[in-house]
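A.B. asks: pasting the structure only:
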Ligand code: NA
Ligand code: NA
């Protein structure tokens, strides 16, 4: 059980998913190049598949990047703050990320529902697949920022690793 | 946002007009118009005229903001915004609503119309009335504004006059199933793409041809990049302005009338402009080295391209209506 | 829709950035705040829809391919062989590899269609190599970022096409017009690199020029790698393959050369490539599409119109107008995707430029150069953020090491602004 939790917590699952997604972006495009240069055909469904996987990469890994602290952000201002002030601003940051992520999950869910029967042009692939990335990415972001806040508040006394 | 497929309140006509004063209130109604034509295209020019007239005639109670060139989102975003009852008029083809009302696509279907004028004639028939009513039922209100810019042809690297020549051709079409199906039936490999991306795709070689009306070839300057025009006239270039019925019904009837009238006039003026200038544009393009080719339209009809429209439940009715118009 | 309200989202984004909120989330927050609290008549559905539709754009597809290709080149041993060869050729010069970096961007210019793709690949491929040879990492990143801005200028840059179609000018004229300014940027940057290398002591790695024999032997050793790059450049230049396809073909060639010929690639490394690649793409693409969503706010609030009105109110004459346009576009270019700004701002400024007798092609080149440079400067320069992230450096360090390079680009901007012939010479003689 612990192993399973760690698997998800440490982003191993997202790494697997991310690798699958990058392959899902690359392979359909390559197939279409072959399709077009050899068979004089072009598959719109393959194109839509690649594009939706691309959208997935754009939003689906918000929580993963948060966990790895790999997001593009502006660190130097916070770095200049005295440690005590910084603790406060870090908490504020996590709180904002938690709230905004939760908000995105709510909207993502709404749009997911309304796009179940709308398709990427010329295909039978629902656009809801794209909105699912918003739900997944920000949900994992919300859970992780929530966890960070909790552990900050309750482990304040202990030494910070 | 799909929940409001139920009937709109029966208060159509003059719903809230009685509550509103006729003088310009402190809070004007702001309407956004979003479209994909460039700022210098005649469509933009006429929409700007309509904007001026609407603001004047309503004494500033209605303000119109124009967003050309897909700057305020592309068609997909626009559709989403309209479905969510935004104060937005989206300029699009009827087929853009095929997810909500499938038969709307019949109007853009391939090998139905032969001339742009026929589309205008159809707009005056009971059949068209029926389409517009059906769309209102799914909360899409069409402003009957007649932006008809002739027929779409194919402009590309080579002439594509016969099924053999068009086989496998990579070309750009608007993001809508009816365009894709039309060219697939012709044997080409169409790609759906936003208008704002088509020129870069043509230059990058992602595609070899575009489907454009003469006026679009002229205003987007695509003829400087590829110089063979095949006069296929496969589909009409006919756009209207669409909005949410629910939102439209919140506008006082007197303003509705002014808005609808001005936009309709703008469409008619645009249509006149393209009819009168198509010849001139063609001459200018020919002077720049563009070659025009007549297409073997019959060969495509023999392939069954003309039957595409029959899969829509109003297909036969549309063909009958056209036959009647042509017989006059 | 007036007063201070319309500027609030902009302020909010800056505050959030200062709080170390991820750039992509800061942009989204700005847009959500505007349409959720200020322009409440527009439902948020549109914002959310844009989040997905902005990503469904084939023109952005080149980015993952070039990032992956850059990584594959590293893992397959292609990069190190190529760098050995580059060292043989330019190792006797001051700042040799940095010059290679600039030249490579000029040669590949325009073919990725965006500075982002070009910068992404070279951050992964060239920067580690430069660092290994003693270059400061931030300087390496700055060279990569600033030389990536040459890409939009050299045909077939997307912005050249966009400008032509917005203003109904000739696409071919714009293409011809882009070459000289692009080459000018290349020369100016190479001079700046030489200057910094002298100052910071990026000594030549070789004592003297390699003999032709040595170069030939080096060429044999990295024959496949060089052939691959030549095939790519020829394929892209001649229009046989598109940028995305070029990236895809490059990936496949890398795999082939790495696995079959050099035999340095282990299947486990493929997983590493995929992992690194998806994380980089997630970051970069996340920012690009969020910035597009943020652009909806700028458009709807008519921010560019407001700014243009201010310029027009100043009545400053031709030179003054060009200077003000430089300033304004530079600032706008810092905020959102440059092609979005191009579509919003150019239609407003163009008629005035024509009235003042500015050559339409010249004006276009000035606009595009401005918007590109904006991508390199704070607070929102997308290329700057991207390179900082890919190379793991902080913004102040980036600016400190890159100030000479940015300065050089500003000099080329001034030259292009005040010497119209740089832009109009080629289009006129090829008429
Ligand atoms: Na470079
Ligand atoms: Na750019």
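C.D. replies: Arrived safely. All of these numbers come straight from a predicted model, not from anything done at the bench. Ligands and ions are numbered 1, 2, ... in the order given.
A.B. asks: which strands and helices sit next to the helix or strand residue B:150 falls within?
C.D. replies: Taking DSSP states H and E as the definition, residue B:150 sits inside strand B:140-156. When contacts are defined as 3 or more C-beta pairs under 8 Å, 6 or more residues apart in numbering or on different chains; DSSP states H and E, strand B:140-156 sits against helix B:42-57, helix B:116-122, helix B:126-137, strand B:209-212, helix B:214-220, strand B:228-244, helix B:245-248, helix B:253-287. The C-beta positions use only the backbone N, C-alpha and C, and glycine is treated the same way.
A.B. asks: for residue C:367, give me its contacts.
C.D. replies: Counting by C-beta atoms under 8 Å, 6 or more residues apart in numbering or on different chains, residue C:367 touches C:163, C:325, C:329, C:342, C:345-346, C:349.
A.B. asks: could you export these as TSV, including secondary structure?
C.D. replies: Listed next are those as TSV, based on DSSP: H, G, I helix; E, B strand; the rest coil:
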residue	secondary structure
C:163	helix
C:325	helix
C:329	helix
C:342	helix
C:345	helix
C:346	helix
C:349	helix
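A.B. asks: return the residues in contact with the residue nearest to residue A:134 when sequence neighbours are not counted.
C.D. replies: The shortest distance from residue A:134 to any non-neighbouring residue, by C-beta to C-beta, 6 or more residues apart in numbering or on different chains, is to residue A:108 (3.4 Å). Residues in contact with residue A:108 (C-beta under 8 Å, 6+ apart) are A:131-132, A:134-135, A:138, C:48.
A.B. asks: and the strand or helix carrying residue A:108, which residues are buried?
C.D. replies: Using DSSP H and E, residue A:108 sits in helix A:83-114. Under the neighbour-count criterion of 16 or more other C-beta atoms under 10 Å in any protein chain shown, helix A:83-114 has A:90, A:93-94, A:96-98, A:100-105, A:107-108, A:110-112, A:114 buried.
A.B. asks: surely residue B:48 meets residue B:66?
C.D. replies: Yes: Residue B:48 lies in contact with residue B:66 (C-beta atoms under 8 Å); the separation is 6.6 Å.
A.B. asks: who has more neighbours out of these two?
C.D. replies: Legend: neighbour count by other C-beta atoms under 10 Å in any protein chain shown for residue B:48 and residue B:66, higher for residue B:66 (19 against 16).
A.B. asks: what about that one, distance to residue B:150?
C.D. replies: To residue B:150, residue B:66 is 23 Å away according to C-beta to C-beta, to the nearest Å.
A.B. asks: again with residue B:203
C.D. replies: 25 Å.
A.B. asks: the more surrounded of the two?
C.D. replies: The residue with more neighbours, out of residue B:203 and residue B:150 and counting by other C-beta under 10 Å, is residue B:203; that gives 25 against 21.
A.B. asks: secondary structure element for that one, which one?
C.D. replies: For residue B:203, the host element (DSSP H and E) is helix B:198-204.
A.B. asks: is that helix positioned near chain C?
C.D. replies: Yes: legend: contact between helix B:198-204 and chain C by C-beta under 8 Å from any C-beta of the partner chain is shown at B:199-201, B:203-204.
A.B. asks: looking at those residues, which is nearest residue A:22?
C.D. replies: If you rank the residues of helix B:198-204 next to chain C by distance to residue A:22 using C-beta to C-beta, residue B:204 comes first, at 22.6 Å.
A.B. asks: burial check on whichever residue of chain A sits closest to chain B, number of neighbours?
C.D. replies: With C-beta to the nearest C-beta as the measure, residue A:40 is the residue of chain A nearest to chain B, at 3.2 Å. Using other C-beta under 10 Å, residue A:40 is surrounded by 14 other residues.
A.B. asks: and if you look at residue A:2?
C.D. replies: Neighbour tally, residue A:2, other C-beta under 10 Å: 7.
A.B. asks: for the residue nearest to residue C:81 when sequence neighbours are not counted, what are phi and psi?
C.D. replies: Using C-beta to C-beta, 6+ apart and skipping the chain neighbours, the partner closest in space to residue C:81 is residue C:222 (3.8 Å). Residue C:222 adopts backbone torsions of phi -110, psi 30, taken as degrees, to the nearest 10.
A.B. asks: I'd like the distance between residue C:222 and ligand 1.
C.D. replies: 19 Å (C-beta to the ion, to the nearest Å).
A.B. asks: contacting residues around that residue?
C.D. replies: C:78, C:81-82, C:84-85.
A.B. asks: just the closest of those to residue B:96, please.
C.D. replies: Looking across those and measuring by C-beta to C-beta, the closest to residue B:96 is residue C:78, at 46.7 Å.
A.B. asks: these two touch, right, the closest one and residue C:257?
C.D. replies: Yes: with contact defined as C-beta under 8 Å, residue C:78 reaches residue C:257; the gap is 6.1 Å.
A.B. asks: any shared contact partners between these two?
C.D. replies: C:224-225, C:228.
A.B. asks: so which of those belong to strands?
C.D. replies: Judged by DSSP state E, strands contain none of the shared contacts of residue C:78 and residue C:257.
A.B. asks: contacts with ligand 1 among these, please.
C.D. replies: The subset of the shared contacts of residue C:78 and residue C:257 within reach of ligand 1, counting by C-beta under 5 Å from the ion, is empty.
A.B. asks: of those - the most surrounded one?
C.D. replies: Busiest of those [other C-beta under 10 Å] is residue C:225, holding 26 neighbours.
A.B. asks: just checking, it touches residue C:83?
C.D. replies: No: judged on C-beta under 8 Å, residue C:225 makes no contact with residue C:83 at a distance of 9.8 Å.
A.B. asks: tally of neighbours for the closest residue in space to residue C:36 that isn't next to it in sequence?
C.D. replies: Closest residue to residue C:36 apart from its sequence neighbours, by C-beta to C-beta, 6+ apart: residue C:44 at 5.9 Å. If you count neighbours by other C-beta under 10 Å, residue C:44 ends up with 17.
A.B. asks: what pLDDT does residue C:44 get?
C.D. replies: Confidence at residue C:44, expressed as pLDDT, is 85.
A.B. asks: pull the residues that contact stretch C:7-15.
C.D. replies: C:26-27, C:29-31, C:33-34, C:38, C:294, C:297, C:301, C:303, C:335, C:379.
A.B. asks: just the buried residues of it, please?
C.D. replies: C:8-10, C:12-13.
A.B. asks: closest to residue B:319 among those?
C.D. replies: Proximity of those to residue B:319 (C-beta to C-beta) peaks at residue C:9, which lies at 51.8 Å.
A.B. asks: ok and the strand or helix carrying the closest one relative to helix A:83-114, angle-wise?
C.D. replies: According to DSSP H and E, residue C:9 maps onto helix C:8-18. Going by axes from the mean of the first three to the mean of the last three C-alpha atoms, to 10 degrees, helix C:8-18 is angled at 120 degrees with respect to helix A:83-114.
A.B. asks: which SSE is immediately downstream of helix C:8-18?
C.D. replies: Assigned by DSSP H and E, the successor of helix C:8-18 is helix C:23-33.
A.B. asks: and that following helix, which residues are buried?
C.D. replies: Residues C:23-33 are the ones in helix C:23-33 that count as buried (16+ other C-beta under 10 Å).
A.B. asks: one more: stretch A:12-21?
C.D. replies: Applying 16+ other C-beta under 10 Å to stretch A:12-21 flags A:14-15, A:17-19, A:21 as buried.
A.B. asks: what packs against the helix or strand of chain A with the lowest mean pLDDT?
C.D. replies: Lowest on mean pLDDT, DSSP states H and E among the helices and strands of chain A sits helix A:76-79, with a mean of 78. Under the contact definition 3+ C-beta pairs under 8 Å, 6+ apart, helix A:76-79 sits against helix A:83-114.
A.B. asks: tell me the mean pLDDT over the helix it packs on?
C.D. replies: When pLDDT is averaged over helix A:83-114, the result is 93.
A.B. asks: from the contacts of stretch C:7-15, which two are the most distant?
C.D. replies: C:38 and C:379 (21.1 Å).
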